[in-house]
Every structure is written in structure tokens, then in C-alpha cells.
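Novice: Could you work out the structure for the sequence below:
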Amino acid sequence: MSTQGPGQALFAFVRHWSRRTAGVADQGRLVLVGEAVHSLAERGAETTVNAIAVEIGLDQSGASRLVKAAIEAGHLAMEASRSDGRRREVSLTAAGRSMLDQAHRWQEQVFDQLTDGWSEKRRSEFQRAMSDLIDRSHLLHAP
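Specialist: Below is the predicted model of the structure:
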């Protein structure tokens, strides 16, 4: 039994999974920026490069390079904001949505493998707890 507290366990979990995509770095970065755009849009937030930078924890120039690479790969598009023509917003293309769909299917397969032998109740409670943590994090870190 571990003697670490729940906060330590949470951050160990995050560190562990943040390193799992090292072998597929380029694709992982495209998925990361696509997930950021998708998440921001689902929350009704702006999808500017600055907002994407905050979402993924990078500086503006790093996020800008990721966005540029995803645009070049055909996964994202950039256009003038509907609410403020001076701003540019990023959106997923059909190819970007397809990429995320594939990534999400893979994520579900990994979850199924990791929780093999768990009851549906335990899986559901774990999913709900993770979702609650993410929702709370967005509330605590909202501008």
C-alpha cells in the first residue's frame, strides 16, 4: 500500500500518462492541439492561439507552432472571429475531427484494458471522479 496522499497520487498519474505518448510525439502533438481546440469550443470559450496556449500549458509561441503544424497537416483551420473580426480563431477541420475520433477510440481501448476486471460501477465512478476533477479545475482556473 502506498503512503502517498491523494494529491501525490493524482500528480503521479498525470506524470505517468503525459510520458506515454513519447514514442508517437508528432501525432501526439497534433492530437493535443486538436483536443485543446475541441475542449475550448465545447465549453464555449474562444479558440484563439492564446487560449490554446493556456489550455495546454505552453507559451504563446509554442502553441502557435503547434497550431501551424496542425493547420499544415490539415487538422485545423484559422479564420476571423465571428464576434471580433480583429481576432483569429482556430477550428477543427473534417480531418481533425476524424483524427480525434480515432484518438478517442484508442483512448477507450486503453481504458478498457487498464480497467479489465473492474465492475461497471467502479469504471463509471472512476470516470465521473476524473470528469469532476477536470470540471473543477476549469472553474478554479477560469479567467
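Novice: pLDDT below threshold where in this protein?
Specialist: 1-2, 18-26, 142-143 (pLDDT under 70).
Novice: all helices for it, in order.
Specialist: Counting by DSSP state H, the chain has helices at residues 6-18, 25-42, 49-56, 60-72, 94-114, 120-140.
Novice: quick one: the last one to helix 94-114, angle?
Specialist: Same thing as helix 120-140. 130 degrees (axes from the mean of the first three to the mean of the last three Cα atoms, to 10 degrees).
Novice: what does stretch 40-53 contact?
Specialist: For stretch 40-53, contacts defined as Cβ atoms under 8 Å, 6 or more residues apart in numbering pick out 33, 36-37, 55, 59-60, 62-64, 66-67, 81, 87-92, 138. For the C-beta atoms, the positions are set from N, CA and C on the backbone; glycine is no exception.
Novice: One more pass at 10 Å, please.
Specialist: 32-33, 36-39, 54-55, 58-68, 70, 76, 78, 81, 83-84, 87-92, 135, 138, 142-143 (Cβ atoms under 10 Å, 6 or more residues apart in numbering).
Novice: And the residue nearest the centre of the chain?
Specialist: Residue closest to the average C-alpha location in the chain (Cα atoms, centre = their mean): E35, at 4.0 Å.
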